[in-house]
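Q: this one's sequence-less:
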């Protein structure tokens with residue numbers, strides 16, 4: 001729609017069209033991230049599978065037994081949360097490796 005026609009629309013219609021345009025841009029960006037067209041800071045990668053991008057700063061959930069471990073990036077830090085009947089245990093394995101599991105109360 002050209003600017004002249006847009007300017008003749010009622011203000012509420014102009015506002016709604018602007019909102020919808022913004023929504024469309026957000027959805028296009030998410031599709032680009034998921035399809036691998038845009039780089040993101042969260043992705044899945046396996047030894048034999050190709051890299052799969054997820055939306056930026058996505059929350060990742062791992063189901064472990066009766067609980068779940070959630071992780072996401074906040075202000076450049078990886079935040080990890082546990083949800084189970086027992087405490088989340090952090091078990092160091094090497095200088096650059098830890099295991100996470102739920103303990104008993």
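A: Thanks, I have the structure now. Since the model is a prediction, treat every value here as computed from it, not as a measurement.
Q: Which strand or helix spans residue 47?
A: Using DSSP states H and E, residue 47 falls within no helix or strand.
Q: what domains does the record give for this structure?
A: Per automatic domain parsing, the structural domains of the chain span 1-54, 59-105.
Q: all helices for the chain, in order.
A: Counting by DSSP state H, the chain has these helices, from start to end: 3-8, 11-34.
Q: what's the first one in contact with?
A: Contacting residues not belonging to helix 3-8 are listed as 14, 17 [C-beta atoms under 8 Å, 6 or more residues apart in numbering]. To be clear about C-beta, it is placed using only N, CA and C from the backbone, and glycine gets the same treatment.
Q: The helices of the chain: which one's closest to residue 93?
A: Residue 93 lies closest, by C-beta to C-beta, to one member of the helices of the chain: helix 11-34, at 31.4 Å.
Q: tell me which residues in the closest one are buried?
A: Residues of helix 11-34 classed as buried under the neighbour-count rule (16 or more other C-beta atoms under 10 Å) are 33, 34.
Q: mean confidence for that helix?
A: Averaged across helix 11-34, the pLDDT comes to 89.
Q: Same check on stretch 76-88?
A: The average pLDDT for stretch 76-88 rounds to 91.
Q: Do me a favour and get the end-to-end distance for that stretch?
A: Distance between the boundary residues of stretch 76-88 (C-alpha to C-alpha, to the nearest Å) amounts to 22 Å.
Q: got a list of what residue 53 touches?
A: Residue 53 neighbours (C-beta under 8 Å, 6+ apart): 33, 34, 35, 36, 38, 39, 40, 42, 43.
Q: any idea how far the closest residue in space to residue 32 that isn't next to it in sequence is from residue 9?
A: Spatial nearest neighbour of residue 32, chain neighbours left out: residue 38 (3.9 Å); criterion: C-beta to C-beta, 6 or more residues apart in numbering. For residue 38, the distance to residue 9 equals 32 Å [C-beta to C-beta, to the nearest Å].
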